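A.B. asks: Just a sequence and a predicted model for now, questions to come.
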Amino acid sequence: MIDFDSIDWSDIGQATLDTLAMLSGSLILTVAIGLPLGVVLFLASPGQVWANRVAHLGLSLVVNLLRSVPFIILLIVMIPLTVALVGTSLGVVGAIPPLVVAAAPFFARLVELALREVGRDTIEAVTAMGATTRDLVLRALIPEAMPGILAGITVTAVALVSFTAMAGVVGAGGLGDLAIRFGYQRFQTDVMIVTVVLLLILVQLLQMAGDRLVRHFSRR
């Protein structure tokens with residue numbers, strides 16, 4: 001029988017805050033790293049202004065390798081590096097480095113795909129006017145690809161929610177950690193249900209906010 005009165009709601013509240021902290025911190029760093037990486041991937045691809053086959057293949061290989069590693073394995077493999085970077089592999093702080101390493105290559109690919117949707121005529125027209133590469137990127141490519149980039153951020157944020165839940169396996173805290181410690185190990189079904197519902201609500205809110213932003217920029 002499910003008894004919601006037995007739930008420690010202070011633990012639920014703290015776990016929710018931990019999840020939001022992991023999500024926001026890792027998403028900001030993911031965008032900060034993945035956006036320029038995706039731009040470089042696009043510019044270095046064949047037919048673009050920085051076309052370089054070797055550089056493009058090298059970057060693509062690194063991105064594909066990081067994307068192919070299951071997150072739960074990446075969490076464990078990165079423990080020594082995480083400790084070296086932030087001093088611990090536990091808690092919210094210890095979860096952010098592997099979250100960023102897992103999500104940044106994924107987001108970079110989404111950025112590259114969004115930039116490929118920009119019309120070739122637009123790129124050629126801006127280049128013909130003598131624009132520098134910086135002007136091309138900041139005044140043409142990113143503004144034109146903004147709906148696709150925002151959609152990529154939304155998809156990445158939703159993926160990060162699932163990653164934060166998995167990070168609970170190694171003591172990262174958050175709703176995933178609470179679900180494992182209480183819902184799974186102690187068979188408290190009520191805690192499991194609450195954490196799952198909260199994660200579902202979080203994903204829905206992220207998707208709704210992302211869709212609204214995409215529609216807004218698509219009309220501009």
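C.D. replies: Now that the structure is in, tell me what you want to look at. Numbers count the residues shown, from 1 in each chain.
A.B. asks: how far away is residue 28 from residue 190?
C.D. replies: 33 Å (CB to CB, to the nearest Å). Every residue, glycine included, has its C-beta placed from N, CA and C.
A.B. asks: So which of these two has more stuff around it?
C.D. replies: Shown here are residue 28 and residue 190; by other CB atoms under 10 Å, residue 190 has more neighbours (16 against 12).
A.B. asks: can I assume the more buried one is in contact with residue 6?
C.D. replies: Yes - contact criterion CB atoms under 8 Å: residue 190 and residue 6 qualify, at 6.6 Å.
A.B. asks: Low-confidence stretches in this protein?
C.D. replies: 1-5, 184, 220 (pLDDT under 70).
A.B. asks: could you point out the longest helix in it?
C.D. replies: With secondary structure taken from DSSP state H, the chain has its longest helix at helix 9-43.
A.B. asks: Flag every buried residue along that helix.
C.D. replies: Neighbour counts using 16 or more other CB atoms under 10 Å place 12, 15-16, 18-23, 25-27, 29-31, 33-35, 37-43 of helix 9-43 among the buried residues.
A.B. asks: And for stretch 57-72?
C.D. replies: Going by neighbour count (16+ other CB under 10 Å), the buried part of stretch 57-72 is 59, 60, 63, 66, 71.
A.B. asks: Dump the C-alpha coordinates for it into PDB.
C.D. replies: Output in PDB follows, covering the C-alpha atoms of stretch 57-72 (Å, rounded to 0.1, in the frame of the first residue of the first chain):
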ATOM      1  CA  LEU A  57      37.500  14.300 -39.400                       C
ATOM      2  CA  GLY A  58      39.500  14.700 -36.100                       C
ATOM      3  CA  LEU A  59      36.800  16.700 -34.400                       C
ATOM      4  CA  SER A  60      34.100  14.400 -35.700                       C
ATOM      5  CA  LEU A  61      36.000  11.400 -34.300                       C
ATOM      6  CA  VAL A  62      36.300  12.900 -30.900                       C
ATOM      7  CA  VAL A  63      32.700  14.000 -30.800                       C
ATOM      8  CA  ASN A  64      31.500  10.600 -32.000                       C
ATOM      9  CA  LEU A  65      33.600   8.700 -29.500                       C
ATOM     10  CA  LEU A  66      32.300  10.700 -26.600                       C
ATOM     11  CA  ARG A  67      28.700  10.400 -27.800                       C
ATOM     12  CA  SER A  68      29.100   6.600 -28.100                       C
ATOM     13  CA  VAL A  69      30.100   6.000 -24.400                       C
ATOM     14  CA  PRO A  70      27.100   5.000 -22.200                       C
ATOM     15  CA  PHE A  71      26.700   7.700 -19.600                       C
ATOM     16  CA  ILE A  72      26.900   5.300 -16.600                       C
END
